[in-house]
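S.K.: Sequence plus predicted model, see below.
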Amino acid sequence: MRPCRGEWGMKVPGKNVGAAVDRMSRALERLSAAPPVVAVLEELLCQASATLGASGAFLCWWGGTGDLSTLTTHGVDSEASALCAQQLLAQAPAPGEPRLPRVVEDVSQDALLASEPDALRRLGATALLSQPLYFASGLGAAGVLGVLFREAWRPREEDLRRFGLSVKLAALALERERMAETLRQSVLSARAEVEESEVLRLCRFQAVTEALGRALSGDEVARVVLEQGLPAVGAAVGLVHLVAPDGTLALKAALGVTNAQREALRAPPWRSSGVPSHDAGAPVRLETPAAAGDVLPVPGAPVWLETPAAVRDVVPALGALRALVLLPLHVEGRTFGTLCLGFPEARRFSALERASITGLGHECGQALERARLYARERTARLQAEAAGQRLRLLADASALVSASLDWEETVAGVARLALGHFADGCAVDSYEDGVVRRLAVLYENPQSAPRGLELLRFAPQEGSPTLLAEVLASGRPWMMARPTAEPGDTRTAAARLYAAARELGVGSLILTPLVARQRTLGVLTFMRSATSAPFDIPDLSLAEELAGRAALAIDNADLFRKARAAEEESRRGAARLHVLVQVSHLIAEAGLDLSMVLEVLVRKVSEALGDACVLQLLSEDKTRLELVTVHHPNAEARAVLDASMRRCPGRVGE
C-alpha cells in the first residue's frame, strides 16, 4: 500500500494506513466541532470596522479551487470590493519584502482603482486601510483584509496594531479552514486507498477460494495455495509439506526457492512431534528450536517468526527471509501437513494479517479434506464399477456354463468373455490321462497380438518344469503382477522369467488350474500386455472364479457323458434280459425238439444282437465245427451264408 502524505508533510507508513485514517478522522471531527469559518470572519469584519470607526470592511481570499471568495460587512458592494482586492493582491509584497499595511487617505487620488471608476463609485469610500493575509505554510498572499472610511482618515499607531491583529486572526481562521479541507481530502483519499486495498485483498482471497474449490487432489491444492495464496497475503516464498502414508512430512510443492533450497527443504527442518499418518486424525505439533525465543507454539497453533534471527534459527536454508509463518493444515482434528510462508521484510503481523494468513491455512486444510473425500469417493466408485463388471462377467460365465454341455466350446466361451474387460489374451489347456491339449488361444486384437502366451512353455532352467506344468502339478494358481527384475539380471529363475516376459511383451500373467472335485482338468490362462494395468489380488480372485466355472463346465460334461453311457448300458442290459425271457419262453414251447430250440435261439440272438447269427457245434472227434443253423432276415443272404459255411467248415484251432 502506498504511503499517505498530507499537504503539510505528514507521512504514514503503508501498513498503518488504517490506523492513520482513524486518527485523521478524529482530528477532522474536532476541527468540525469549531464554529464555521464564515461566521468567525463575519464577526471579525464587524469588530475591525467598529474598532476603527470605519463605515465598512471586506475580506477576499483565494479558495482551494483557485476562485476568489469575498465577504463584506453590511452596505459594502461585494463586486467592487472584489475588484479592489484583486488590485491589492496584485500589488502585494513579494517573498522577502516587508509585509506592512497599506494606507490610502484619498482613494480618488490613488492609482489603485483609477481604471475602475464605476467600482470606485460603488465602493463609496474616501480612505482605505488594507493588508494582505499570509499563511504560515505558504509563500504568497492568500487574501486581503480592507477597511473603508467615508471621510478622510489617518491611522494612529494604536489603530495599526489593532488592524494587524485582525489581519492575523483572519489569516489563522482561513488557514484553519484550509487545513481542515486538506485534512478532509486526505481522509477521503486515504479511505479510498484503504477500501481499494481491501477490495483487492478480498478479490485475491475470493480467487484463491474459487481455485481451491476446483482442486481435486492434494497436488492441485498445494499448487493453488502457492501460486494464488502467496500474492494474497504478500508472501514471497511458500512451502507445502504433506503427511506421507508413513506419517512423515514430505515436500509437496514450493515457490520462490532455488533447486538447492528445495532439496534442503524436502524434509521440513523444523521438528514435528506427534505427526500422525494421513488418517490418524491428531493435530500436528510444531516445535521450533529453543533459540527462537518466545515463538514456541502450542500444539496445532501457527508459528509467527517476525525477526531474521528467529527465521535463521528455525529454517537456516531460508536465512535470507526476514519473517516466516508456519501453519499446521488440519480440519476437524485430521492432519494434512504444514504451510510455510516467507516474507522478505521483518514485520509485526497485525491482527488482520494474522486472521488472513490463518484463514488461508484453514481454506487450504478444507480443500485438502475435500480432495481426500473426493479421492475416497472416486476410489469407491471405481471399485464399485469394477465389482459390477466382475459380477456381470461371472453372471455371463454362469449363464454360458448352464446353456451348453459342449465343454470345449463352453470353456473357450468363458475365456472369450474375459477378453477386453479383464485380459488382453487368454489360453485354454485341457489335461486328461497325463496329456495336455491346447484347446484355444484368444487375443483381443489378433492383428497386433503379442507372443505373450508362449511364456506358458517357458522353463527357467533346462530340464525344469514349465509354468503350465507347475500349475498342473500343484493345482494352485500362479500370478505375475509385473516383471520387476532388472533387464540384465539373469542370475535367478525369476529374473530369467521376467526377462522372457519383457521380451514377449507380457505385462502381467495369471494361470488358474481348472479343478473340479479335487481333480485338475486343465489350466485357464489370462494375460495383459505391458501397456495395460497389472493384475492384482481382486483380479486373481476373479480369475479363480472364472476357472471354477470353466472347470464346472468340464466336470458337468464329463458327468453327462458318463450318465449317457450308463443309460445306454442299462438300455442294452434290459434288451438282453428281454431276449432271454423270450428265448426261455420259446424254448419252453418247443419242448424236447432240439432243432427247433436251436432255431429259436439263433433267430432271437440275431434279432437282439445283429443282422445274422450262425450256430456251430463241435464234432464228436472235436476237430471241426459242424454247422447247425443259420439265420438272416433276408432269405437270399441266409442261403448264401448257409452254403458258404457248409462249403468251408471251420476247424478247431484255425
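M.R.: Looks like it arrived, so ask away.
S.K.: Report the contact partners of residue 72.
M.R.: With contact taken as CB atoms under 8 Å, 6 or more residues apart in numbering, residue 72 is in contact with 45, 56-59, 78, 81. The C-beta positions use only the backbone N, C-alpha and C, and glycine is treated the same way.
S.K.: From the residues you listed, list just the buried residues.
M.R.: In those, burial by neighbour count holds for 45, 56-59, 81, counting by 16 or more other CB atoms under 10 Å.
S.K.: mind listing the helices for the stretch 251-400 of the chain?
M.R.: Using DSSP state H, counting those that start in this stretch, the helices of the stretch 251-400 of the chain run over 259-264, 308-314, 351-403.
S.K.: So which elements touch the shortest one?
M.R.: Which is helix 259-264. For helix 259-264, the contact count by 3 or more CB pairs under 8 Å, 6 or more residues apart in numbering; DSSP states H and E identifies strand 249-255 as packing neighbours.
S.K.: CA atoms of the strand it packs on as CSV?
M.R.: Listed next in CSV are the C-alpha coordinates belonging to strand 249-255 (Å, rounded to 0.1, in the frame of the first residue of the first chain):
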residue,chain,number,x,y,z
LEU,A,249,6.2,-34.8,6.4
ALA,A,250,7.4,-34.5,2.8
LEU,A,251,7.7,-31.5,0.5
LYS,A,252,4.8,-31.5,-2.0
ALA,A,253,5.2,-28.0,-3.6
ALA,A,254,7.5,-25.0,-3.3
LEU,A,255,7.5,-21.5,-4.8
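S.K.: Okay, now the sheet partners of that strand, with direction.
M.R.: With DSSP bridges as the test, strand 249-255 is paired with strand 237-243 (antiparallel).
S.K.: Give me the contact list for the strand it pairs with.
M.R.: Defining contact as CB under 8 Å, 6+ apart, one finds that strand 237-243 is touched by 218, 222, 225-226, 229-230, 249-257, 265, 268, 275-278, 284, 318, 321, 329, 335-343, 364, 368.
S.K.: So which of the residues you listed belong to strands?
M.R.: Using DSSP state E, the subset of the contacts of strand 237-243 located in strands is 249-255, 329, 335-343.
S.K.: Buried among these? Need that as a selection in ChimeraX.
M.R.: Restricted to buried positions by 16+ other CB under 10 Å, the ChimeraX selection for the ones in strands among the contacts of strand 237-243 reads:
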select :249,251,252,253,254,255,329,335,336,337,338,339,340,341,342,343
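S.K.: Sketch out the low-pLDDT regions of the stretch 251-400 of the chain for me.
M.R.: The model of the stretch 251-400 of the chain has pLDDT under 70 over residues 270-300.
S.K.: 80 instead, please
M.R.: Scanning the stretch 251-400 of the chain for pLDDT under 80 picks out the ranges 269-300, 319, 332-333, 389-390, 393-394, 396-400.
S.K.: tell me the strands in the stretch 1-150 of the chain, going along the chain?
M.R.: 4-5, 11-12, 56-62, 68-72, 102-104, 127-134, 141-149 (DSSP state E, counting those that start in this stretch).
S.K.: what's around residue 502, how many residues?
M.R.: As a burial measure, residue 502 scores 14 neighbours (other CB atoms under 10 Å).
S.K.: Just give me how far the helix or strand hosting it sits from the chain centre.
M.R.: Element membership for residue 502 (DSSP states H and E) is helix 493-503. Centroid separation for helix 493-503 versus its chain: 38 Å, with CA atoms, centre = their mean, to the nearest Å.
S.K.: Tell me the one of the buried ones among the contacts of residue 72 nearest residue 176?
M.R.: Residue 176 has its nearest neighbour among the buried ones among the contacts of residue 72 in residue 59, at 14.7 Å by CB to CB.
S.K.: Once you drop chain neighbours, what's closest to the closest one?
M.R.: Distances taken as CB to CB, 6 or more residues apart in numbering put residue 71 closest to residue 59, at 4.7 Å, once the chain neighbours are dropped.
S.K.: Can you get me a residue count around the one you found?
M.R.: 21.
S.K.: counting contacts, what elements does the top helix by length along the chain pack onto?
M.R.: Secondary structure of the chain per DSSP state H: the longest helix is helix 157-214. If you count contacts as 3+ CB pairs under 8 Å, 6+ apart, helix 157-214 packs onto strand 4-5, helix 17-32, helix 37-52, strand 127-134, strand 141-149, helix 218-227, helix 229-233, helix 351-403.
S.K.: wait, which of the ones you listed is closest to residue 114?
M.R.: For residue 114, the closest of the helices and strands packed on helix 157-214 is strand 127-134, at 13.5 Å, according to CB to CB.
S.K.: What lies in contact with that closest one?
M.R.: Strand 127-134 has contacts (CB under 8 Å, 6+ apart) with 52, 54, 61, 84, 88-89, 92-93, 99-107, 110, 112, 140-149, 151-153, 155, 159, 163-164, 167, 170-171, 174.
S.K.: Stretch 219-235 too?
M.R.: 201, 204-205, 207-208, 211-212, 214-215, 236-238, 240, 242, 252-256, 325, 339, 341-343, 353, 356-357, 360, 363-364, 367-368, 371.
S.K.: Out of those, which end up buried?
M.R.: For those, a neighbour count by 16+ other CB under 10 Å gives the buried set as 201, 204-205, 208, 211-212, 215, 236-238, 240, 242, 252-256, 325, 339, 341-343, 353, 356-357, 360, 363-364, 367-368, 371.
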